[in-house]
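>>> Have a look; sequence and predicted model below, questions after that.
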Amino acid sequence: MRVVLTGGIATGKSRVLDRLAAHGVPTSDADRWAHDAIAPGGPAWRDVRDRFGPEVIDAEGRVDRRRLGAVVFADDAARADLNAIVHPRVRRAIAGWFDEIERRPGHRFGVVAIPLFFESPRAETFDRVVVTACGREAQVARVVARGFSRDEAERRIAAQLPTEEKVRRADHVIRTDGTLADTARQVDAVHRELAALSGA
């Protein structure tokens, strides 16, 4: 069973993914595949440089994600161009990862975190969708805590589908407004449901 974990920026996806991994669930993260794709020598590095120019490349030849982010979160067309460059590579990597999981004995489902799952049209299908959610002010505060200004945080959140809509489309919702223990209990409950659905 192929499960996707999604949710807005700073809504707790990484914490949820880590908790599922602690249960022995195979997990992966689209952000990691995206970072690999734009790393020097990666399949999308040259296209990113050609589209956005040498100013987004640092002295070591790496894509400066902060500079690139400043460009794409201020320009819808630029963000669409970046997604068109990176997303196909990430999708192929994720498909290959799931194929590998299916060949391993003992695993009935795997979970991949895809932050922009609902924002990007895709041909592939997933059996279940898990969404992380929290209140808007908590989300803004968490993004600001990562070193962004409030304006930058608001732009990044606004560039994604509203949390309420993601919750509406979800099969499972994990609210991360409460304590870490509250979140852990919800993750454990979702894990039990997924295990039952997959026959694990």
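Noted; the coordinates are in hand. Numbers count the residues shown, from 1 in each chain.
>>> which residue ranges form the helices in the chain?
Remark: helices assigned in the chain by DSSP state H are 13-22, 30-38, 45-52, 65-72, 76-103, 136-145, 150-158, 163-169, 180-198.
>>> how about these, which one is nearest Ala123?
Closest to Ala123 of the helices of the chain, according to C-beta to C-beta: helix 76-103, at 8.5 Å. Where you see a C-beta, it was placed from the backbone N, CA and C, and this is true even at glycine.
>>> Between the two ends of stretch 43-61, how far is it?
14 Å (C-alpha to C-alpha, to the nearest Å).
>>> middle-most residue in this structure, spatially?
Pro115 (2.6 Å; C-alpha atoms, centre = their mean).
>>> where in this structure is pLDDT low?
200 (pLDDT under 70).
>>> the domain parsing of it - what is it?
Following automatic domain parsing, the chain resolves into domains at 1-23+126-189, 27-103.
>>> Please produce a markdown table containing the ones you listed, extended by distance to Ser120 and mean neighbour count.
Output for the domains of the chain, formatted as a markdown table (distance: least, C-beta to C-beta, whole Å; neighbours: other C-beta atoms under 10 Å):
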| stretch | distance to Ser120 | mean neighbour count |
| --- | --- | --- |
| domain 1-23+126-189 | 10 | 17 |
| domain 27-103 | 6 | 16 |
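>>> out of the helices of the chain, which comes closest to Val130?
For Val130, the closest of the helices of the chain is helix 180-198, at 6.1 Å, according to C-beta to C-beta.
>>> now could you export just the CA positions of that closest one as CSV?
The C-alpha trace of helix 180-198 is given here as CSV (Å, rounded to 0.1, in the frame of the first residue of the first chain):
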residue,chain,number,x,y,z
LEU,A,180,4.4,16.3,21.3
ALA,A,181,2.7,13.5,23.2
ASP,A,182,-0.6,14.4,21.6
THR,A,183,0.9,14.3,18.2
ALA,A,184,2.6,11.0,18.9
ARG,A,185,-0.7,9.4,20.0
GLN,A,186,-2.4,10.5,16.8
VAL,A,187,0.5,9.1,14.7
ASP,A,188,0.3,5.8,16.6
ALA,A,189,-3.4,5.6,15.9
VAL,A,190,-2.9,6.3,12.2
HIS,A,191,-0.2,3.7,12.1
ARG,A,192,-2.6,1.1,13.5
GLU,A,193,-5.3,2.1,10.9
LEU,A,194,-2.8,1.8,8.0
ALA,A,195,-1.5,-1.5,9.3
ALA,A,196,-5.0,-2.9,9.5
LEU,A,197,-5.9,-1.6,6.0
SER,A,198,-2.8,-3.1,4.5
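>>> quick check: angle from that helix to helix 13-22?
Counting by axes from the mean of the first three to the mean of the last three C-alpha atoms, to 10 degrees, helix 180-198 lies at 60 degrees to helix 13-22.
>>> list the helices and strands helix 180-198 packs on?
Other elements packing on helix 180-198 under the criterion 3 or more C-beta pairs under 8 Å, 6 or more residues apart in numbering; DSSP states H and E are helix 13-22, strand 128-133, strand 172-175.
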